[in-house]
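1. I'd like to go over a predicted model; first the sequence, then the structure.
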Amino acid sequence: MPEKVAIMGLGYVGLPLAEAFKKKNFDVIGFDISKSRISDLKNNIDKNSQLSLKKINFSKKITLTTDETVLKKCDYIIVTVPTPIDKNNNPDLKMLKKSCKIIGKNIFKKSIIIFESTVFPGCTEEICVPLIEKFSKKKMNKNFYVGYSPERINVGDKKHSLENIKKIVSGSNQFSLKKIVKLYSKIIKPKIHICSTIKVAESAKAIENAQRDINIAFVNEVAKIFYKLNINTNEVLKAASTKWNFLNFEPGLVGGHCIGVDPYYLTYKAKKSGINSKVILSGRNTNDQMPIFLAKIFIDKMKAKKNGKNILILGLSFKENVSDTRNSKVFELIKSFNKNKFKVDVFDPIAKIDTNKIKNFKFIQKLNNKKKYDGIFIAVGHDIFLRLGSKKLIKLGNKNCLFFDFKNIFLRKSIKNYNFLQL
């Protein structure tokens, strides 16, 4: 009889996991508190556009439910719920805590609960385990076991898929660790990396995205410097990257649910421990301020040329070639333009957004050559924009249109436009 694995949270992390385990003939239960999400998946619809559900007939291979009592029959429960931040940039653990309560009320004897959601070091044992014990009246390592294996899903990255990413694992004791290693070894091709403690695994996850955030912040800062010096940042990075150990990061609007969020989990724990995380928070501040810097460049140029007020932004998602708009810094760009009385249209054929909730810009479904813009801003470097070509995009502007290719998707020498701008 196959082992039963429950995935709690069927979003960007949980859905690929459910598919991967089903491929290896596990009895998989997909649990989510969202009735609409379960309904969509049962109809082979994935609004996140991660999996081709119709091809794999997902709904017939996996038990999809909002009924928490099904967890009572599961050998493994893998928690992949979102762990965002609140308005004060502190960890928001509401969904994680709710999951622990549900597990505690429905735990199966000897079940192994594995957390994949991003947390701060110590969270699993200090917050999650006590909640499970409280609501289950059971004890860890006696009646149930716990592990932590951080997710490394990179949305839109087809090369580094779930099965091809080396997995970090940890367990509450040697028994659970061996079971967790064996479980993930069934779906992961590279070797499993074993951490000595759960806190080590949590800490590894905490610094992975914080490191990227700091590196992007450095490049964003030098981009500001080079702009003031009238030096093309992209050319500088190409030259510097000829050195064998240069880390080739690019300027960017750092949003999304990982890089723009995870560092705050680490600095939160650091502050609780009496450590002032100057470098990490400085990087976060630099990246958070980047939309304001870019908007000012654009607005100042527009005013200097006495252009009009109609702007077209190309791209709304938080990064290239993905539909996810969560925590996208393009929204911050739009706010800055609104404050300066600019009218904003946004075109992104990939992004998923509820147009009924849009208030401060117009989300257009198709480009209209008849409407001319005073400014065009490429905020996200989708491949589809490159395929459209610079000539077609420039034609969307009026005679004095300012064309800002922030993502440097077009070669400078190929653009014969006096008002063409890159960092």
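-> Sure thing, it's come through. Computed from a predicted structure; not experimentally measured.

2. for N245, grab the count of nearby residues.
-> Around N245 sit 4 other residues, with neighbours defined as other CB atoms under 10 Å. (C-beta placed from N, C-alpha, C; glycine too.)

3. next one: it from Q174, what distance?
-> With distances defined as CB to CB, to the nearest Å, the gap from N245 to Q174 amounts to 39 Å.

4. ok, L388 next?
-> From L388 across to Q174, the span is 56 Å (CB to CB).

5. neighbour count for these two, which is higher?
-> Looking at L388 and Q174 with other CB under 10 Å, you find the greater number of neighbours at L388, namely 15 against 8.

6. for that one, give me the pLDDT.
-> At L388 the predicted local confidence, pLDDT, stands at 90.

7. same question for Q365.
-> Confidence for Q365, expressed as pLDDT, is 88.

8. list the contacts for it?
-> For Q365, the set of contacting residues under the criterion of CB atoms under 8 Å, 6 or more residues apart in numbering consists of P349.

9. same check, this time on the one 4 residues further on
-> Taking CB under 8 Å, 6+ apart as the criterion, N369 is in contact with 395-396.

10. which residue packs closest to D262, ignoring adjacent ones?
-> Distances taken as CB to CB, 6 or more residues apart in numbering put N209 closest to D262, at 4.0 Å, once the chain neighbours are dropped.

11. what's the neighbour count on that neighbour?
-> Here the count is done by other CB under 10 Å, and N209 has 22 residues near it.

12. hmm, it is touching V254, no?
-> No: N209 sits out of contact with V254 when judged by CB atoms under 8 Å, with a separation of 9.8 Å.

13. and the next helix or strand past the helix or strand hosting the residue nearest to D262?
-> Assigned by DSSP states H and E, N209 belongs to helix 198-228. On the C-terminal side of helix 198-228, the nearest following helix or strand under DSSP H and E is helix 233-240.

14. so which bits of the following helix or strand past that following helix are buried?
-> Moving toward the C-terminus from helix 233-240, the first helix or strand encountered (DSSP H and E) is helix 262-272. For helix 262-272, a neighbour-count test (16 or more other CB atoms under 10 Å) marks 262-270 as buried.

15. again with stretch 175-190
-> Using 16+ other CB under 10 Å as the burial criterion, the residues of stretch 175-190 that qualify are 176-177, 179-181, 183-184, 187-188.

16. quick one: end-to-end distance for stretch 377-387.
-> 16 Å (CA to CA, to the nearest Å).

17. what lies in contact with it?
-> Stretch 377-387 is contacted from outside by 253, 298, 311-317, 319-321, 330, 333, 348-350, 393, 404-410, using CB under 8 Å, 6+ apart.

18. chain center to it, what's the gap?
-> Going by CA atoms, centre = their mean, to the nearest Å, the spacing between the C-alpha centre of stretch 377-387 and its chain's C-alpha centre is 19 Å.

19. pop out the phi and psi values for I114.
-> Main-chain dihedrals, I114, degrees, to the nearest 10: phi -120, psi 130.

20. do the same with M8
-> Dihedral angles of M8 (phi, psi; degrees, to the nearest 10) stand at phi -100, psi 110.

21. for it, list the residues it contacts.
-> When contacts are counted by CB under 8 Å, 6+ apart, M8 touches 14, 31-32, 71, 77-81, 99, 102-103.

22. would a markdown table of those residues with secondary structure and neighbour count be doable?
-> Compiled in a markdown table, the contacts of M8 are given as follows (DSSP: H, G, I helix; E, B strand; the rest coil; neighbours: other CB atoms under 10 Å):
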| residue | secondary structure | neighbour count |
| --- | --- | --- |
| G14 | helix | 23 |
| F31 | strand | 27 |
| D32 | coil | 21 |
| L71 | helix | 22 |
| I77 | strand | 27 |
| I78 | strand | 28 |
| V79 | strand | 26 |
| T80 | coil | 25 |
| V81 | coil | 23 |
| S99 | helix | 26 |
| I102 | helix | 21 |
| I103 | helix | 25 |
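
23. quick one: average pLDDT of stretch 225-235?
-> Mean pLDDT, taken over the full extent of stretch 225-235, equals 93.

24. got the CA positions of it in CSV?
-> This file holds the C-alpha atoms of stretch 225-235, laid out as CSV (Å, rounded to 0.1, in the frame of the first residue of the first chain):
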residue,chain,number,x,y,z
ILE,A,225,26.1,56.5,-9.4
PHE,A,226,26.7,55.7,-13.0
TYR,A,227,23.5,57.5,-14.1
LYS,A,228,24.7,60.7,-12.4
LEU,A,229,28.1,60.2,-14.1
ASN,A,230,26.4,59.6,-17.5
ILE,A,231,27.9,56.1,-17.8
ASN,A,232,25.9,53.2,-19.1
THR,A,233,25.6,50.7,-16.3
ASN,A,234,24.9,47.7,-18.6
GLU,A,235,28.2,48.4,-20.4
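
25. what ranges do the strands span in the protein?
-> For the chain, strands defined by DSSP state E occupy the ranges 4-8, 27-31, 63-65, 76-79, 112-115, 145-148, 168-169, 193-194, 310-314, 343-347, 362-364, 373-378, 397-405, 420-421.

26. low-confidence regions, this structure specifically.
-> Segments of the chain classed as low confidence (criterion: pLDDT under 70) are 1, 50-60, 155-158, 412-418.

27. so who does V261 touch?
-> So, once contact is read as CB under 8 Å, 6+ apart, V261 ends up touching 83-85, 118, 209, 327.

28. drop anything exposed from those.
-> For the contacts of V261, a burial check counting by 16+ other CB under 10 Å picks out 83, 85, 118, 209, 327.

29. compute the number of surrounding residues for the closest residue to the last one other than its chain neighbours.
-> Nearest in space to N327, with sequence neighbours left out and distances taken as CB to CB, 6+ apart, is G255 at 4.4 Å. G255 is flanked by 25 other residues according to other CB under 10 Å.

30. measure G255 to H160 for me?
-> If you go by CB to CB, the gap between G255 and H160 works out to 20 Å.

31. and what of Y12?
-> 14 Å.

32. repeat for N400
-> Plainly put, N400 is 43 Å away from H160 if you go by CB to CB.

33. and which of the buried residues of helix 262-272 is nearest F293?
-> P263 (19.5 Å; CB to CB).

34. distance check, the closest one against A206.
-> Here P263 is placed at a distance of 8 Å from A206 (CB to CB).

35. could you do S172 as well?
-> 19 Å.

36. higher neighbour count, those two?
-> It is A206, of S172 and A206, that has more neighbours when counted by other CB under 10 Å, with 25 against 22.

37. my read: that one touches F120, true?
-> Yes: the pair A206 and F120 qualifies as a contact (CB under 8 Å) at a distance of 6.3 Å.
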